[in-house]
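Trainee: Predicted model and sequence below, questions to follow.
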Amino acid sequence: MENESILIQELSKLEMSELKKIAATWNLSKFSPKDKKTGVNLLYEAFQDEFLLKGVLEKLTPLQVTILGFILKNKNVHTLGEIHRKVNLPPLNVEMELNVLRKLHILYQRKNRERLTNNLDKYHAYEEIAGKIKMDYNSKGEKFKLSIAKIHPKPHASQIHPEWLKAVGVKKAESFDEFLKVAISPEGIEMALSGLDDLEKDVVIQIFTHGGVIEADVIRNYIHVNRGKFETIIPNLSAKQIVFDTYYVDEKFMRIIALPMEVFQYLQGNTLLPSVKKGMKQKQEKIAKNDLDFFLNIKKMISFISRKGLSLAKSGKIKQADNKRSEQELLKPDIEIFPEKGQVYQIELILPILRILGLVDIKGENIVLTGNIEEFQTKDIFEVMQLVIHEVNEIRSKRFNPPEVFSPMEVQFYDKPILDKCVKIIMDTNKVNLSVIFANVVRENLVFSPGFKIKNFEEDLLDLRKEIISSIFYLHLFGLLDVEYPNRFLSLSELGRQYFQNKPISRTTEKGGITINPDFSIIAFPEKCSLVGIHLLKVFTELKDYDRVYTFILSKDSFQQGILLGYDQQMFIQFLRDSSKAELAQNLLFLFDDWSKNLPIVNITEDCVLVRTTDPHVMELLTGQIKGKKIIIEEISPEAILIDKNKIQDVIQVAEKLNMIIKLVR
């Protein structure tokens, strides 16, 4: 009995019911001993299990961690009086905290028998447990840069975990160093990862996209939601050295699950794909290219507002009917790269950009066009692209507080430095999975940032994820990225290579790149058609279908719409000549000529006032005095003109000086 461990002695004093409570506190599953002695031995072994110990330590409060730290640093013993003086709290409060540590069986108490005061009561840490508690403070962030190659101390070959040997396909290791070469090689890591089940792989991906580090409680909740067991999955991954389960002191014991640097590096170029949940619809394999569609849609939206008007609901938002109505007028670029965003109407993306460009405003209950619309509509599409991207790049550095309808509520405008980092990753790798971008940006901007706190990680991560999502979303929306579904691999598009790397865009379409049918349907072959050629087809025709080849329908309305969007019809006709194997039919050329001359345009000017005189000479005298002052909008007859409604008083003053009789009708 004298040689028996104090821990065993203390446990032996307890009843079986108390032993079961301790087992539950330590999360010891399947604790059903035949007798008390067996129960004591089971608990004794469990108390030396580092995985279970970490689970207890992470529950401690900052004060309990401070008290435990004082005891461990003082050769595992301290009196109540010494502790209360160090933490500057009344002895009663300190004693309550010590009793919690006693119930967890981290400490035991030896009462002072000589005095009436309990300030001299000694509190000891159990030797078996104290030897396993590390008071590391992670002052240099070393816990976020753990490496398999730097395991210290190096185990003997016979001490290598059997699961690790099995995971990398080694039956027996002659030496640790030789085994390590195999284990951290790309082949060894690949073999270890390939042996994981779906949920284990998803856990690795979750840690990876967190920058290689995640708080234990966060990944525990993730595993629980996905119907797994933290106490099974994490020890299994740890045994195979796919993750490190560790902790450090930052007020509390902060328990983290981290990927070794070797595994994190491997996943950069060897994407681990998430499992497909049962009943979850998988996107079909395709490469989504947005080309110049969004910039064309900006012009189309201006045309839509000009032709059909746009009024606001009482809430100050766009009416749902107008959301749907405008969507029918626009091309359908791919905006589903982040399905968690839900349905996004393009009008919600375009109006904020038109506001930045100074082309829209609110008047009463209507959204109205402002500025030089005609000049904008006649701009070359590449000029529009450059202008839009430049303005969006700059907007976060300006004061931009528009009405809600002009705010990018669905997808906020990106932060330029974050976008630049995303682009650099894509350019460095040519093709990269979305998870790799998240992992690298989070690791660089959060995990390795000065003053990083794991306790604030999830909140900071939420904000950073929004920035990354915005960057990728707009890069794709602007046609600068190609997205390979269903696994969301990203690469620079032809447009992206031109914008970021100054690589020229091919404007030449092969002969036979399109086929014009007698019913004026046009088949375009993407591999033979230039990006500019496809764009012209989208301008002057109606896109009906795309399934490896494009199907367009040419009509009078679509052709005239292209002209109203500011495009040169001769450029389109020349493209058709250059791209079609057959000569253009004479009747088609005749129709082009007829359609371009007979545009049924009706101009309706709202902000103007009619000024009439009975005598043309009076009107001539009046206009002679106000011409060149940006008052006259249009002269509609010798006796009538339209003037800006804000210039009524100016016209009245001029008329009075000319001794004219004014009749103001309102």
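Mentor: Sure, I can see it.
Trainee: quick one: low-confidence parts of the chain?
Mentor: Within the chain, the stretches with pLDDT under 70 are 1-3, 113-116, 152, 279-280, 600, 602-604, 666.
Trainee: excluding its backbone neighbours, what's nearest the residue nearest the centre of it?
Mentor: Residue closest to the average C-alpha location in the chain (Cα atoms, centre = their mean): Ile469, at 2.3 Å. Computed as Cβ to Cβ, 6 or more residues apart in numbering, the closest residue to Ile469 that is not its neighbour in sequence is Phe338, at 5.6 Å. The C-beta positions use only the backbone N, C-alpha and C, and glycine is treated the same way.
Trainee: Please name the residues that touch the one you found.
Mentor: Ile469, Ile472, Phe473 (Cβ atoms under 8 Å, 6 or more residues apart in numbering).
Trainee: hang on, the earlier thing: tell me if I am right that the residue nearest to the centre of the chain is in a helix.
Mentor: Yes. Counting by DSSP: H, G, I helix; E, B strand; the rest coil, Ile469 falls inside a helix.
Trainee: pretty sure it contacts Val411?
Mentor: Yes. Between Ile469 and Val411 there is a contact at 7.4 Å, judged by Cβ atoms under 8 Å.
Trainee: which neighbours do the two share?
Mentor: Counting by Cβ under 8 Å, 6+ apart, the residues touching both Ile469 and Val411 are Lys341.
Trainee: show me the contacts for the residue nearest to the centre of the chain.
Mentor: Ile469 neighbours (Cβ under 8 Å, 6+ apart): Phe338, Lys341, Val411.
Trainee: And it, how close does it get to Val218?
Mentor: As judged by Cβ to Cβ, to the nearest Å, Ile469 and Val218 stand 19 Å apart.
Trainee: cool, and Val432?
Mentor: Val432 sits at a distance of 25 Å from Val218 (criterion: Cβ to Cβ).
Trainee: And Ile454, by the same measure?
Mentor: 10 Å.
Trainee: More neighbours: those two, which one.
Mentor: Ile454 (22 against 18; other Cβ atoms under 10 Å).
Trainee: residue contacts, that one?
Mentor: Val213, Glu215, Asp250, Met254, Ile256.
Trainee: Quick check: buried residues in stretch 230-250?
Mentor: 230-231, 233-238, 240-249 (16 or more other Cβ atoms under 10 Å).
Trainee: Narrow these to those in strands?
Mentor: Those of the buried residues of stretch 230-250 mapping onto strands are Phe244, Asp245, Thr246, Tyr247, Tyr248, Val249, per DSSP state E.
Trainee: which among these gets closest to His105?
Mentor: Tyr247 (18.7 Å; Cβ to Cβ).
Trainee: what helix or strand does the closest residue to the closest one other than its chain neighbours sit in?
Mentor: For Tyr247, ignoring the flanking residues on the chain, the nearest one in space by Cβ to Cβ, 6+ apart is Arg255 at 4.3 Å. Assigned by DSSP states H and E, Arg255 falls within strand 252-258.
Trainee: go on, Leu610?
Mentor: Using DSSP H and E, Leu610 falls in strand 608-612.
Trainee: Which other helices and strands does that strand contact?
Mentor: Judged by 3 or more Cβ pairs under 8 Å, 6 or more residues apart in numbering; DSSP states H and E, strand 608-612 is in contact with strand 640-644.
Trainee: Check what contacts the strand it packs on and list those residues.
Mentor: Under Cβ under 8 Å, 6+ apart, the answer for strand 640-644 is 605, 607-613, 619, 623, 626, 630-636, 651.
Trainee: Using CSV, lay out the contacts of Ile454 together with distance to Phe438.
Mentor: As requested, the contacts of Ile454 are arranged in CSV below (distance: Cβ to Cβ, whole Å):
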residue, distance to Phe438
Val213, 13
Glu215, 17
Asp250, 24
Met254, 22
Ile256, 18
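Trainee: Buried ones among those residues?
Mentor: Buried, going by 16+ other Cβ under 10 Å: Val213, Glu215, Met254, Ile256, out of the contacts of Ile454.
Trainee: Just flag the most distant two among the residues you listed.
Mentor: Every pair of the buried ones among the contacts of Ile454 checked by Cβ to Cβ; the farthest is Val213 and Met254, at 10.5 Å.
Trainee: follow-up on the earlier one: of the buried ones among the contacts of Ile454, closest to Phe590?
Mentor: Val213 (69.6 Å).
Trainee: hang on, the closest one packs against Glu142?
Mentor: No. Counting by Cβ under 8 Å, Val213 does not reach Glu142; the two are 11.8 Å apart.
Trainee: For Val432, see how far away the residue nearest to Ile469 is.
Mentor: Separation of Phe338 from Val432 (Cβ to Cβ): 16 Å.
Trainee: picking that back up, out of the ones in strands among the buried residues of stretch 230-250, the closest to Lys597 would be?
Mentor: The closest of these to Lys597 turns out to be Phe244 (Cβ to Cβ; 75.1 Å).
Trainee: can you tell me which residues contact the closest one?
Mentor: Leu146, Ser238, Ile257, Ala258, Leu259, Pro260.
Trainee: Include distance to Glu583 when you put those residues into a markdown table, please.
Mentor: Formatted as a markdown table, the contacts of Phe244 follow (distance: Cβ to Cβ, whole Å):
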| residue | distance to Glu583 |
| --- | --- |
| Leu146 | 70 |
| Ser238 | 73 |
| Ile257 | 69 |
| Ala258 | 68 |
| Leu259 | 63 |
| Pro260 | 67 |
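Trainee: Test my guess that Val392 contacts Val411.
Mentor: No. Assessed by Cβ under 8 Å, Val392 is found out of contact with Val411, at 11.4 Å.
Trainee: Look up the residues that both of these two are in contact with.
Mentor: With Cβ under 8 Å, 6+ apart as the test, Val392 and Val411 both reach Tyr474.
Trainee: Now stretch 68-85: buried residues?
Mentor: Leu68, Ile71, Leu72, Asn76, His78, Thr79, Leu80, Gly81, Glu82, Ile83, His84.
Trainee: which residues sit against that stretch?
Mentor: 60, 67, 86-87, 90-91, 93-95, 98, 101, 106-107, 117-125, 127, 130, 133, 135, 249.
Trainee: Just the buried residues of the residues you listed.
Mentor: 60, 67, 91, 94-95, 98, 101, 106-107, 119, 121-125, 130, 133, 249.
Trainee: Give me the buried positions along stretch 165-178.
Mentor: Neighbour-count burial for stretch 165-178 [16+ other Cβ under 10 Å]: Leu165, Ala167, Val168, Val170, Ala173, Phe176.
Trainee: ok, now stretch 413-423?
Mentor: Quick answer for stretch 413-423 (16+ other Cβ under 10 Å): Phe413, Tyr414, Asp415, Ile418, Leu419, Lys421, Cys422, Val423.
Trainee: Also stretch 538-554?
Mentor: Lys538, Val539, Phe540, Thr541, Glu542, Leu543, Tyr550, Thr551, Phe552, Leu554.
Trainee: One more: stretch 191-207?
Mentor: 191-193, 196, 199-207.
Trainee: Quickly name whichever of those residues is closest to Asn270.
Mentor: Nearest to Asn270 among those, with distances taken as Cβ to Cβ, is Leu193, at 8.3 Å.
Trainee: And the closest one, how far from Glu187?
Mentor: Taking Cβ to Cβ, one finds Leu193 at 11 Å from Glu187.
Trainee: and if you look at Leu591?
Mentor: 65 Å.
Trainee: can you check Met96 too?
Mentor: 55 Å.
Trainee: And Glu365, by the same measure?
Mentor: With Cβ to Cβ as the criterion, Glu365 and Glu187 are 67 Å apart.
Trainee: Widest-spaced pair of the contacts of Ile454?
Mentor: Val213 and Asp250, at 13.2 Å, using Cβ to Cβ across the contacts of Ile454.
Trainee: Ramachandran angles for Asn433?
Mentor: Per-residue torsions, Asn433: phi -80, psi 150 (degrees, to the nearest 10).
Trainee: number of nearby residues for the closest residue to it other than its chain neighbours?
Mentor: Excluding the flanking residues, the one nearest Asn433 by Cβ to Cβ, 6+ apart is Thr271, at 4.1 Å. When neighbours are defined as other Cβ under 10 Å, Thr271 has 18 of them.
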